[in-house]
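> no letters, just coordinates:
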């Protein structure tokens, strides 16, 4: 199974967000990608998508966050995107009853690094806001009129996972019942 069959046309999704940022003069050309986020509307959809993605992954972690399961999946082969960008992590949150989102790719994560506060100041009139997801995760974000979002982080999602103490497991060992 190829990843496009699971998450759709990730290249067009990324290209659209990249072009929207370029149109408002937000340059991410020297910033690494952290991850793509894919939403689902039901728990069975979450479980099915998680299991399909795990086949393409070398590592993953599933944890509880914000009152629901969230999987962080590290692909065996990074996805190649426009302008030389690459991403190898997919965030897959289970749905919450409080918020209903359409299924599909919703956001990208970009690592700004230590200059995130200056970035926020520079683009404060363009940004939609800053989320507070705890000590290690406070991304600035920009949601476009098509409800697709770019999140700007000081560290990558895999670094957030490590700082939270969540243990990323080897997919092959985990599927055999042996936890790394």
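Ah, there it is. Source: prediction; values computed, not measured.
> which parts of the protein are helices?
3-7, 10-23, 43-54, 116-122, 157-164, 171-175 (DSSP state H).
> nearest to residue 145, of those?
In terms of CB to CB, the element of the helices of the chain nearest to residue 145 is helix 10-23, at 9.2 Å. Yep, even glycine has a C-beta here, placed from its N, CA and C like the rest.
> buried ones in that closest one?
Applying a neighbour-count criterion of 16 or more other CB atoms under 10 Å, one finds 10, 13, 14, 16, 17, 18, 20, 21 buried in helix 10-23.
> which ones are touching the last one?
When the contact criterion is CB atoms under 8 Å, 6 or more residues apart in numbering, the partners of residue 21 are 27, 28, 142, 150.
> about what we covered before: winner for burial among the helices of the chain?
Ranked by mean neighbour count, these are led by helix 157-164 with a mean of 18 (mean count of other CB atoms under 10 Å).
> helices or strands next to that one in the packing?
strand 33-39, strand 68-80, strand 86-93 (3 or more CB pairs under 8 Å, 6 or more residues apart in numbering; DSSP states H and E).
> picking that back up, would you list the buried residues of helix 10-23 in a markdown table and tack on pLDDT and distance to residue 58?
Converted to a markdown table, the buried residues of helix 10-23 look like this (pLDDT from 0 to 100; distance: CB to CB, whole Å):
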| residue | pLDDT | distance to residue 58 |
| --- | --- | --- |
| 10 | 97 | 18 |
| 13 | 97 | 23 |
| 14 | 97 | 21 |
| 16 | 97 | 28 |
| 17 | 97 | 26 |
| 18 | 97 | 26 |
| 20 | 97 | 31 |
| 21 | 96 | 30 |
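> which of those sits closest to residue 137?
Closest to residue 137, out of all of the buried residues of helix 10-23 and judged by CB to CB, is residue 17, at 20.1 Å.
> including distance to residue 154 and mean neighbour count, could the helices and strands packed on helix 157-164 go into CSV?
Formatted as CSV, those follow (distance: least, CB to CB, whole Å; neighbours: other CB atoms under 10 Å):
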stretch, distance to residue 154, mean neighbour count
strand 33-39, 10, 23
strand 68-80, 17, 17
strand 86-93, 16, 20
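> redo those strands as CSV? Include distance to residue 50.
CSV is the format used below for the helices and strands packed on helix 157-164 (distance: least, CB to CB, whole Å):
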stretch, distance to residue 50
strand 33-39, 10
strand 68-80, 5
strand 86-93, 6
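> would you reformat these as CSV and include mean pLDDT?
Putting those into CSV (pLDDT from 0 to 100) gives the following:
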stretch, mean pLDDT
strand 33-39, 96
strand 68-80, 93
strand 86-93, 96
